[in-house]
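Engineer: my questions are about this predicted structure, shown below with the sequence.
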Amino acid sequence: MCTNRSDDNPTDTPSDQPAESHHKKTSDDESAAVPAVDMEVLEKLRRELAEVAPGLFEDLINYYVTNTPSLLATLRAALAQGDAVTFSNTAHQLKSNSARLGAVTCRSLGQELELMGRNGALDGAAERLTMLEAEYERVREVFEGFQPATGKPSA
């Protein structure tokens, strides 16, 4: 039995359900129709951080944009080596980072990959990882368009 981690989204899928049952929820067509970033989540985070640590919001965005490619590379390497533990742990980190910043489809795909790794069932993970890499590019484009002073996308 798997325990929930404290930074998991409360709407996460229960860990006792197989990851395969969730593949249909984040198809290529559906993820293109869903905004790359939930701006309400992002705006709430920006407001909260502005009160306690000015500049931290921009640092988190920058960290996500610069760190996610290495997490994706770690996922690829773990998949190639059949290392389900590293795969699951890395997917969890990417899922959590994405959830904090409102990258909803990245969070969902990260969750699926985490469950696949946790269950030691990496069949089909390459396809899901490719989808995650493409979704990250959508998120990166949104984040790179941010104006540092306002934390909002430029027009």
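Structural biologist: Sure thing, it's come through. Numbering: from 1, shown residues only.

Engineer: same question for stretch 66-79: list its buried residues.
Structural biologist: Thr68, Leu71, Leu72, Thr74, Leu75, Arg76, Ala78, Leu79 (16 or more other CB atoms under 10 Å). Just so you know, the C-beta spots here come from the backbone N, C-alpha and C atoms, and that holds for glycine as well.

Engineer: go ahead and name everything in contact with that stretch.
Structural biologist: 83-84, 86-87, 90-91, 93-94, 97, 113, 117, 122, 125-126, 129, 132-133, 136, 140 (CB atoms under 8 Å, 6 or more residues apart in numbering).

Engineer: next one: stretch 101-109
Structural biologist: 9, 22, 25-26, 31, 34-42, 45, 60-61, 64, 94-95, 98-99, 128, 131-132, 135-136, 138-139, 143.

Engineer: of the residues you listed, just the buried ones, PyMOL syntax please.
Structural biologist: Selection of buried members from the contacts of stretch 101-109 for PyMOL, criterion 16+ other CB under 10 Å:
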select buried, resi 9+22+26+31+36+37+38+41+42+45+60+61+64+94+95+98+99+128+131+132+135+136+138+139+143
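
Engineer: circling back to that earlier point, just the buried members of the contacts of stretch 66-79?
Structural biologist: For those, buried by 16+ other CB under 10 Å: 83-84, 86-87, 90-91, 93-94, 97, 113, 117, 122, 125, 129, 132-133, 136, 140.

Engineer: just the ones of these in helices?
Structural biologist: 84, 86-87, 90-91, 93-94, 97, 113, 117, 125, 129, 132-133, 136, 140 (DSSP state H).

Engineer: avg pLDDT for the helix or strand where Phe57 lies?
Structural biologist: Element membership for Phe57 (DSSP states H and E) is helix 56-81. Predicted confidence along helix 56-81 averages 97 (mean pLDDT).

Engineer: with stretch 123-135 instead?
Structural biologist: On average, stretch 123-135 scores 97.

Engineer: please shift the residue numbers so they start at 275 in all later answers.
Structural biologist: Right, with 275 as the first residue, what we last looked at is stretch 397-409.

Engineer: pull the distance from it to the chain's centre.
Structural biologist: Chain-centre distance of stretch 397-409: 12 Å, with CA atoms, centre = their mean, to the nearest Å.
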